[in-house]
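Participant: one predicted model, sequence on top.
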There are 2 protein chains.
Amino acid sequence: MKRAGLSINLATLRQQYNLPQAVDACLAQGITAIAPWRDQVHAVGLAEAARIVRENGLTVTGLCRGGMFPAATPEGLADAIEDNRRAVDEAVALDAECLVLVVGGLPAGSRDLPATRAMVVDGLAALLPYAQAQGMPIAIEPLHPMYAADRACVNTLEQALDLCDMLGDGVGVAIDVYHVWWDPRLYAQIARAGRDGRILAHHICDWLVPTRDLLLDRGMMGDGVIDLKAIRAEIEAAGFHGPQEVEIFSAEDWWKRPGEEVIATCIERFNTVC
Amino acid sequence: MKRAGLSINLATLRQQYNLPQAVDACLAQGITAIAPWRDQVHAVGLAEAARIVRENGLTVTGLCRGGMFPAATPEGLADAIEDNRRAVDEAVALDAECLVLVVGGLPAGSRDLPATRAMVVDGLAALLPYAQAQGMPIAIEPLHPMYAADRACVNTLEQALDLCDMLGDGVGVAIDVYHVWWDPRLYAQIARAGRDGRILAHHICDWLVPTRDLLLDRGMMGDGVIDLKAIRAEIEAAGFHGPQEVEIFSAEDWWKRPGEEVIATCIERFNTVC
């Protein structure tokens, strides 16, 4: 079965493996593209993570994640921007294809979504020149509207692309099917993203019915209702042919299975339903 | 404290009261506007429910709910349309201001959202002449995108208004803050809905952080992050001055409290945070 075109986001194996173990397990099944999270990189050390990537010839389809700009105080926003600069440095050290940004939700005590969205613009505008100077693309990941309060107030692909238009070069989008599959404007906005050269990443998993937890009940591809082949066709028609990156948070199912089984299932489903 | 302008959707009191009990409890605290669900009406009988409404001079801000059009077979869709005609009859008997429609999600086994949305259009188009002939406005309620799979594939106010434009007169929207508060296009679409005379209902509750259940963890107004006053101001600026209808599904909190306390809290919050 094909492995080319498949990347494993290491959140998918978070409960089973640390970064070196996850890489070994992926390599053992022929997977050479990964997307680590910053905490996983920090746990082993940036230099060691970079060595593992380099010596194994891995493709890093993205570093997860920067963002989280909105804050209750100006100092909080400044701290977030500074932390995002370090995330850019880490993405550069790992030779990642992009730094993925989850932009952040309402600051504690706030109900002001327009003001929160304005803080996101401020944060992105402050970060972008630094990322551009290092040649690191930043990818805004629109998150499902159910995360608008606590994780990301950028909730549609259209909104993310409007931000890109405002910001200029060096910024694009990470399209995760879990967040956008429901959107009646999805296909038109994928086409727009392609025309503008904004597609930097394509994340896959599935939407389960029922979904028992807002955060940690994502499904394996094929186990839910997302038309993965249709969305892939639109993304490829829009000109993006990078790897599909599997990102599954699954506290009660996939995080409890042996990592080897999870990877094998990702490969099988990638070949059959994606 | 004011009661005028406040309606209680009887789902809010579903675990405490049947329809006559709920009406008595509302009247005891000066509430004269309600929105019953069809199963609550059926339990007491349509004629008796209509008598209760009439003899107490109640305003029925909506009957919940019709819709649920998509089906795996043509017979299923035909059955759904027939059931919606009965719902129109019931709304007329209750002198409701509108019949609220939750349009339905993917049929069992389907991943085809565009085809499902087409079935919704077919269902609405078949229902509308019947509703118009009876003078009963039908209100499409866009539901939060987290319900796209299993409850409603109309997920933004814009999408609902596009349907209204396609269908013509006699159809509008029920704007429930829970479903739309996150939408970056919300205010523009509220203004559009007002210009076109499409706003038929205004539902309120709150979005809790964290939200522990996708369906049954809605918050009391003021306990979450929705800027209720701001949305109300937009809806009123758009020309809708009907009652705000409280609709709270809350398995672990408000459904477990005495109905009297729930109603008193609705009144207090309506006067302070809405």
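Facilitator: Arrived safely. Every value quoted in this text rests on a predicted model; they were computed, and no experiment measured them.
Participant: hey, let's count contacts and neighbours off CA atoms from now on
Facilitator: Will do.
Participant: which SS class is the residue in the stretch 1-150 of chain A positioned nearest to chain B?
Facilitator: Of all residues in the stretch 1-150 of chain A, residue A:111 sits closest to chain B, with a separation of 4.9 Å (C-alpha to the nearest C-alpha). Per DSSP: H, G, I helix; E, B strand; the rest coil, the local secondary structure of residue A:111 is coil.
Participant: could I get the phi/psi values of residue A:99?
Facilitator: In terms of degrees, to the nearest 10, the main-chain angles of residue A:99 are phi -100, psi 120.
Participant: for the residue nearest to the spatial centre of chain A, what are its contacts?
Facilitator: The centre of chain A sits closest to residue A:100, judged by C-alpha atoms, centre = their mean, with a distance of 5.2 Å. When contacts are counted by C-alpha atoms under 8 Å, 6 or more residues apart in numbering or on different chains, residue A:100 is found next to A:62-67, A:138-141, A:174.
Participant: ok, now with 6 Å
Facilitator: Residue A:100 sits next to A:63-65, A:139 when contact means C-alpha atoms under 6 Å, 6 or more residues apart in numbering or on different chains.
Participant: which residue, other than its chain neighbours, is closest to whichever residue of the stretch 151-274 of chain A sits closest to chain B?
Facilitator: Ranking the residues of the stretch 151-274 of chain A by distance to chain B (C-alpha to the nearest C-alpha) places residue A:225 first, at 4.9 Å. If you skip the residues right next to it in sequence, residue A:225 has residue B:111 as its closest partner in space, 4.9 Å away by C-alpha to C-alpha, 6 or more residues apart in numbering or on different chains.
Participant: chain A: strands as residue ranges?
Facilitator: With DSSP state E as the criterion, chain A has strands at A:6-9, A:33-35, A:59-60, A:63-67, A:99-102, A:138-140, A:171-176, A:199-204, A:244-246.
Participant: of the ones you listed, flag the one that's most buried.
Facilitator: Mean neighbours per residue, mean count of other C-alpha atoms under 10 Å in any protein chain shown, is largest over those for strand A:138-140, with a mean of 30.
Participant: state the number of residues packed around the closest residue to residue A:93 other than its chain neighbours.
Facilitator: Once its chain neighbours are removed from consideration, residue A:93 has its nearest residue in residue A:50; the separation is 6.1 Å (C-alpha to C-alpha, 6+ apart). Counted by other C-alpha atoms under 10 Å in any protein chain shown, the residues lying close to residue A:50 total 21.
Participant: pretty sure residue A:50 is touching residue A:92, no?
Facilitator: No: between residue A:50 and residue A:92 there is no contact, the gap being 9.5 Å when judged by C-alpha atoms under 6 Å.
Participant: please report how far residue A:2 lies from residue A:13.
Facilitator: Note on residue A:2: its distance to residue A:13, by C-alpha to C-alpha, to the nearest Å, is 20 Å.
Participant: quick one, helices of chain A?
Facilitator: In chain order, chain A shows helices spanning A:19-28, A:38-44, A:46-55, A:74-93, A:113-134, A:157-167, A:177-180, A:186-195, A:228-237, A:259-272, with DSSP state H as the criterion.
Participant: give the contact list for residue A:149.
Facilitator: Counting by C-alpha under 6 Å, 6+ apart, residue A:149 touches A:105-106.
Participant: what of residue A:270?
Facilitator: The neighbours of residue A:270, taking C-alpha under 6 Å, 6+ apart as the test, come to nothing; the list is empty.
Participant: tell me, what's the model's pLDDT at it?
Facilitator: Reading off the confidence values, residue A:270 has pLDDT 98.
Participant: one more: residue A:266?
Facilitator: In this model, residue A:266 is scored at 98, pLDDT.
Participant: and what of residue A:135?
Facilitator: Each residue has a pLDDT score; the one for residue A:135 is 98.
Participant: residue A:1 now?
Facilitator: Reading off the model, residue A:1 has pLDDT 89.
Participant: mind checking how far the nearest residue to it once chain neighbours are set aside is from residue A:221?
Facilitator: Among residues not flanking residue A:1 along the chain, residue A:271 sits closest, at 6.6 Å (C-alpha to C-alpha, 6+ apart). The span separating residue A:271 from residue A:221 equals 10 Å under the rule C-alpha to C-alpha.
Participant: re the thing from before, which residues touch the residue nearest to residue A:225?
Facilitator: A:225-227.
Participant: so residue A:144 touches residue A:178, yeah?
Facilitator: No: the pair residue A:144 and residue A:178 does not pass the contact test of C-alpha under 6 Å, sitting 7.3 Å apart.
Participant: of the two, which one has the most company?
Facilitator: In this comparison of residue A:144 against residue A:178, neighbours counted by other C-alpha under 10 Å, the higher total goes to residue A:144 at 26 against 21.
Participant: now that one. Nearest residue, chain neighbours left out?
Facilitator: Nearest non-adjacent residue to residue A:144, counting by C-alpha to C-alpha, 6+ apart: residue A:179, 4.1 Å away.
Participant: residue A:267 too?
Facilitator: Taking C-alpha to C-alpha, 6+ apart, and ignoring the residues beside it in sequence, residue A:267 has residue A:3 as its nearest neighbour in space, at 6.6 Å.
Participant: export stretch A:83-92 as PDB, just CAs?
Facilitator: What follows is stretch A:83-92 as a C-alpha-only set of coordinates in PDB (Å, rounded to 0.1, in the frame of the first residue of the first chain):
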ATOM      1  CA  ASP A  83       6.600  32.800  22.100                       C
ATOM      2  CA  ASN A  84       5.500  32.600  18.500                       C
ATOM      3  CA  ARG A  85       8.900  33.900  17.400                       C
ATOM      4  CA  ARG A  86      10.500  31.000  19.300                       C
ATOM      5  CA  ALA A  87       8.000  28.700  17.500                       C
ATOM      6  CA  VAL A  88       9.200  30.100  14.200                       C
ATOM      7  CA  ASP A  89      12.800  29.400  15.200                       C
ATOM      8  CA  GLU A  90      11.900  25.800  16.100                       C
ATOM      9  CA  ALA A  91      10.100  25.300  12.800                       C
ATOM     10  CA  VAL A  92      13.200  26.600  11.000                       C
END
